[in-house]
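>>> Whatever this is, show me its structure:
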Amino acid sequence: MDWNRVEGNWKQMKGKIKEQWGELTDDDLDQIAGKRDQLEGKIQERYGLERDRIRQDIDDWYGSQRW
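The predicted model follows:
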């Protein structure tokens, strides 16, 4: 997976990420700034999921995006 696409289009991706993980705030997303490890950490913090589950969920979400 080429996460650089997400980082490069972060402003556009924030809305899609909020659709998927609605408990993330705008401040969270500004702080994450496209960094996948920080996104994983915030999702884990907000949803209380295991790190492996979060990684899989992010991979699934990324794969479903229309580029």
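
>>> Skip the chain neighbours and tell me the closest residue to the spatially most central residue of the chain.
Closest to where the C-alpha atoms of the chain average out (Cα atoms, centre = their mean) is residue 39, at 4.8 Å. Distances taken as Cβ to Cβ, 6 or more residues apart in numbering place residue 32 nearest to residue 39, at 5.1 Å, with adjacent residues excluded. Backbone N, C-alpha and C define where each C-beta goes, glycine included.

>>> Over to residue 6?
residue 13 (5.3 Å).

>>> correct me, but the residue nearest to the centre of the chain touches residue 31?
No. Using Cβ atoms under 8 Å, residue 39 is not in contact with residue 31; the gap is 10.1 Å.

>>> returning to what we had before: tell me who's in contact with the residue nearest to the centre of the chain.
17, 32, 58 (Cβ atoms under 8 Å, 6 or more residues apart in numbering).

>>> Which helix or strand in the protein has the lowest average pLDDT?
Between all helices and strands in the chain, the lowest mean by mean pLDDT, DSSP states H and E belongs to helix 4-8, at a mean of 92.

>>> can you list contacts of it?
In contact with helix 4-8 (Cβ under 8 Å, 6+ apart) are residues 13, 34-36, 62, 67.

>>> Now for those residues: which two are most distant?
Greatest spatial distance among the contacts of helix 4-8 (Cβ to Cβ): 35 and 67, at 19.6 Å.

>>> between those two, who's got more neighbours?
Each of residue 35 and residue 67 has its neighbours counted (other Cβ atoms under 10 Å); residue 35 has more, 15 against 6.

>>> Apart from its chain neighbours, what residue comes closest to the more buried one?
Residue 35 sits nearest to residue 7 (Cβ to Cβ, 6+ apart), 7.3 Å away.

>>> Now do stretch 16-28: distance to the chain's middle.
8 Å (Cα atoms, centre = their mean, to the nearest Å).

>>> ugh, typo on my part, it should be stretch 5-18
8 Å.

>>> If you count neighbours, what's buried in it?
6, 10, 13-14, 17 (16 or more other Cβ atoms under 10 Å).
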